[in-house]
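[1] I would like to see how this sequence folds:
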Amino acid sequence: MSGFTNTDVPDQSGKTFLVTGANTGIGFEIASTLAARRARVLLACRDEVKAQAAISRIRLKTPEANLAFLPLDLADLASVRNAAKLAEREPRIDVLINNAGVQGPKLKHTAQGFELTFGVNHLGCFALTALMLPKLTETSGSRVVVTSSGLHRGAKIEWDDLNAEKDYKWMPRYAASKLANLLFIFELDRRLRVARIPVTAVACHPGLAGTNLARDSWWGNVVMSLIGLFFNTPAQGAWGALQAATGQIKSGGYYGPTKTSELRGPSGECTPSQDARNPHLARRLWEVSVQLTGIDAGLPANS
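    This is a model prediction of the structure:
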């Protein structure tokens, strides 16, 4: 379906969604819309105070909203493991929406010493998804959604410098993490099919959306404010993820804005770059990710 917006999200009664980074920006809008459609939503966030504030904001619009805080710091694999264990206690998980992401002008590292952008945006996402697969497999029609970005086009993964020990440039590192998101979800789709596991793997992107992703940079905040005026607001940026999570889509698809070179507007099927569809790069990334995280979903590769 093309032209998908939040108004196209069907009733989600009885379903449970886990949304990472749900306390702000696009993640908050995803959680808010799903709650309004009667879903149970787990807000997976680092900061409980901010998560509870987001829950209160959602309940102002939807008093009966079924919401819960799930502690998750994607920059710490121990926290990722704990979050997955807590989520396993839920009667069901229908959709895992990997929305959270970071970027910033200063080089930082995760608890395990990985460069932060790659560590959070890809390795944390990879680890959480692998750990959640057994739970997702319990529910018919379950999905894994990973949020990428149009910036993946032209991006290059620095295989010999994943931890930015030689060089760190803010935007190229972020773009590379978004390419990694697509390589991961397409490889996940292939491996799920080989294993005949009925979980749908799908990617999305928000277009050019004005969020607080650049909150560590004052000029980045100014730019994001202008983007929200002329392109997508966070609510509009959520349409791709909402379509991927609840709409009629195909496994291994990529959904997001369809207007102005996929920068704005209602969601529909989009076109990933040639590199993003490269199975050799995807397999290499998968193997590196297992090695770095020590977490293996146990899914067979294509022969």
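
[2] in the helix or strand where Leu70 lies, what counts as buried?
    In this assignment (DSSP states H and E), Leu70 forms part of strand 66-71. Of the residues in strand 66-71, those buried by neighbour count under the rule 16 or more other C-beta atoms under 10 Å are 67, 69-70. From N, CA and C alone the C-beta is placed, and that goes for glycine too.

[3] contacts for that strand?
    Strand 66-71 is contacted by residues 18, 31, 35, 38-46, 48, 51-52, 55, 58-59, 79, 82-83, 86-87 when judged by C-beta atoms under 8 Å, 6 or more residues apart in numbering.

[4] That strand pairs with which strands, and in what direction?
    Applying DSSP bridges, strand 66-71 is found paired with strand 40-45 (parallel).

[5] can you map out the strands along this protein?
    Ranges of strands within the chain are 16-20, 40-45, 66-71, 95-98, 143-147, 200-204, 254-259, 264-269, based on DSSP state E.

[6] closest to Ile26 out of these?
    Judged by C-beta to C-beta, the one of these that comes nearest to Ile26 is strand 143-147, at 7.7 Å.

[7] Off-centre distance for the closest one?
    Relative to the centre of its chain, strand 143-147 is centred 6 Å away, using C-alpha atoms, centre = their mean, to the nearest Å.

[8] and it with strand 254-259, angle?
    Interaxial angle of strand 143-147 relative to strand 254-259 (axes from the mean of the first three to the mean of the last three C-alpha atoms, to 10 degrees): 50 degrees.

[9] Only alpha carbons, please: show strand 143-147 as CSV.
    Only the C-alpha atoms of strand 143-147 are listed here, as CSV (Å, rounded to 0.1, in the frame of the first residue of the first chain):
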residue,chain,number,x,y,z
ARG,A,143,7.5,-8.9,12.9
VAL,A,144,10.9,-7.3,13.3
VAL,A,145,11.1,-3.7,12.2
VAL,A,146,14.5,-1.9,11.8
THR,A,147,14.7,1.8,11.2
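
[10] for it, packing partners?
    strand 95-98, helix 125-137, helix 170-195, strand 200-204, helix 239-246 (3 or more C-beta pairs under 8 Å, 6 or more residues apart in numbering; DSSP states H and E).

[11] before we move on, back to that, could you single out the most deeply buried of the strands of the chain?
    Ranked by mean neighbour count, the strands of the chain are led by strand 95-98 with a mean of 29 (mean count of other C-beta atoms under 10 Å).

[12] Put the alpha carbons of that strand into PDB.
    Extracted C-alpha coordinates of strand 95-98, given in PDB (Å, rounded to 0.1, in the frame of the first residue of the first chain):
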ATOM      1  CA  VAL A  95       6.300  -6.700  16.900                       C
ATOM      2  CA  LEU A  96       9.800  -5.500  17.800                       C
ATOM      3  CA  ILE A  97      10.300  -2.000  16.500                       C
ATOM      4  CA  ASN A  98      14.000  -1.100  16.500                       C
END
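
[13] Adjacent strands (with direction) for it?
    For strand 95-98, pairing defined by DSSP bridges yields strand 16-20 (parallel), strand 143-147 (parallel).

[14] picking up where we left off before, of all the strands of the chain, which one is nearest Arg277?
    Closest to Arg277 of the strands of the chain, according to C-beta to C-beta: strand 254-259, at 9.5 Å.

[15] Give me the mean pLDDT for the closest one.
    Throughout strand 254-259, pLDDT has a mean value of 93.

[16] Which elements pack onto it?
    Packed against strand 254-259 by the contact rule (3+ C-beta pairs under 8 Å, 6+ apart) you find strand 200-204, helix 239-246, strand 264-269.

[17] For Ala100, find the nearest of these.
    helix 239-246 (11.6 Å).

[18] what residues does that closest one touch?
    With contacts defined as C-beta under 8 Å, 6+ apart, helix 239-246 is touched by 1, 4-6, 8-10, 12, 17, 26, 30, 33-34, 37, 95, 97, 99, 143, 145, 147, 202-207, 249, 253, 255-257, 266-268, 270.
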